[in-house]
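Trainee: Provided below are the primary sequence and the corresponding predicted coordinates.
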Amino acid sequence: MKNAKMLLSTETMNLGFVQKVEALSGSSVRRCFQCGKCSAGCPMRSFMEHPPNRIVRLLQLGQYERVLAGRSIWYCASCETCSTRCPNKVDLAAIMDALRKCSWDAKGTSKESLVQLANKLFLENIRTYGRQYEMRLAAAFNLQSGKLLKDFMLGPKLLSKGKLKVFHQKNKNMADIEKIFSRIENLRKKGEAP
């Protein structure tokens, strides 16, 4: 077995994937020189199989499949500690967001990517009702995640204790809430928001 040292080059790096991540994140993967400050400050590092600086290194070496297959990108709390500590201004929090999107697009749902589905449904609820409607959120999540009966026995208990409402009223400030969503969509179209 050869013990070849992997070097950063256009041959080892999957430039297409790296460019996609850089476009989505607005930050350069290639600027990282592996100082490790991001990983040293990361509060979630102990839960990750690949700490933040190793995620970037794997991308640099063209091993993005290992990154997407692992759990590290899903443990990132997006606290931006890594981004603020980076001496080269690599926005690692934005890169992690981009990697989660790439993972979702590449594989569909997995145990970890269900977080993204929950976020999407949560925001849809807010946009539709102006507040959270837990019964609809749980039903939509279970249906779209393929686990329709997951909380079936929990529902009646919550209903009997008054913890879950069957019917829900919309917030009276729906026009203001729609303005917020529209503003974010406009910023995204201009490339000013993630």
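Mentor: Done, it's in. Numbers count the residues shown, from 1 in each chain.
Trainee: before we move on, which element is residue 180 in?
Mentor: For residue 180, the host element (DSSP states H and E) is helix 174-190.
Trainee: and that helix, what other elements does it pack with?
Mentor: Under the contact criterion of 3 or more Cβ pairs under 8 Å, 6 or more residues apart in numbering; DSSP states H and E, helix 174-190 touches helix 114-129. C-beta here means a position set from N, CA and C on the backbone, and glycine is covered the same way.
Trainee: downstream neighbour of the helix it packs on in the secondary structure list?
Mentor: Counting by DSSP H and E, the next helix or strand C-terminal to helix 114-129 is helix 134-145.
Trainee: for that next one, what is the distance to the chain centroid?
Mentor: Mean C-alpha position of helix 134-145 versus that of the full chain (Cα atoms, centre = their mean, to the nearest Å) differs by 19 Å.
Trainee: check stretch 52-61 too.
Mentor: How far stretch 52-61 lies from its chain's middle: 17 Å, per Cα atoms, centre = their mean.
Trainee: ok, back up a step: give me the buried stretch members for the helix holding residue 180, please.
Mentor: By neighbour count, with 16 or more other Cβ atoms under 10 Å as the criterion, the buried positions of helix 174-190 are residue 177.
Trainee: now stretch 142-160
Mentor: By 16+ other Cβ under 10 Å, the buried positions in stretch 142-160 come out as 145, 151.
Trainee: list the contacts of it.
Mentor: Residues from elsewhere that reach stretch 142-160 (Cβ atoms under 8 Å, 6 or more residues apart in numbering): 109, 114, 117, 121, 135, 138, 164, 166.
Trainee: return the member of those residues nearest to residue 38.
Mentor: Nearest to residue 38 among those: residue 114, at 26.0 Å, using Cβ to Cβ.
Trainee: contact partners for that closest one?
Mentor: 141, 145.
Trainee: so how far is residue 160 from it?
Mentor: Separation of residue 114 from residue 160 (Cβ to Cβ, to the nearest Å): 28 Å.
Trainee: buried residues in stretch 73-81?
Mentor: Within stretch 73-81, the residues that qualify as buried are 73-76, 81, counting by 16+ other Cβ under 10 Å.
Trainee: tell me which two in these are the farthest apart.
Mentor: The largest distance within these, taken as Cβ to Cβ, falls between 74 and 81 and amounts to 17.1 Å.
Trainee: pretty sure residue 51 is touching residue 43, no?
Mentor: No: counting by Cβ atoms under 8 Å, residue 51 does not reach residue 43; the two are 11.6 Å apart.
Trainee: okay, these two: which has more neighbours?
Mentor: Neighbours were counted for residue 51 and for residue 43 using other Cβ atoms under 10 Å; residue 51 has more, 19 against 10.
Trainee: can you give me the pLDDT of the closest residue to the more buried one other than its chain neighbours?
Mentor: Nearest residue to residue 51, sequence neighbours excluded (Cβ to Cβ, 6 or more residues apart in numbering): residue 39, at 3.8 Å. Looking at residue 39, its pLDDT reads 95.
Trainee: against residue 63, how distant is residue 39?
Mentor: From residue 39 to residue 63 the distance is 17 Å (Cβ to Cβ).
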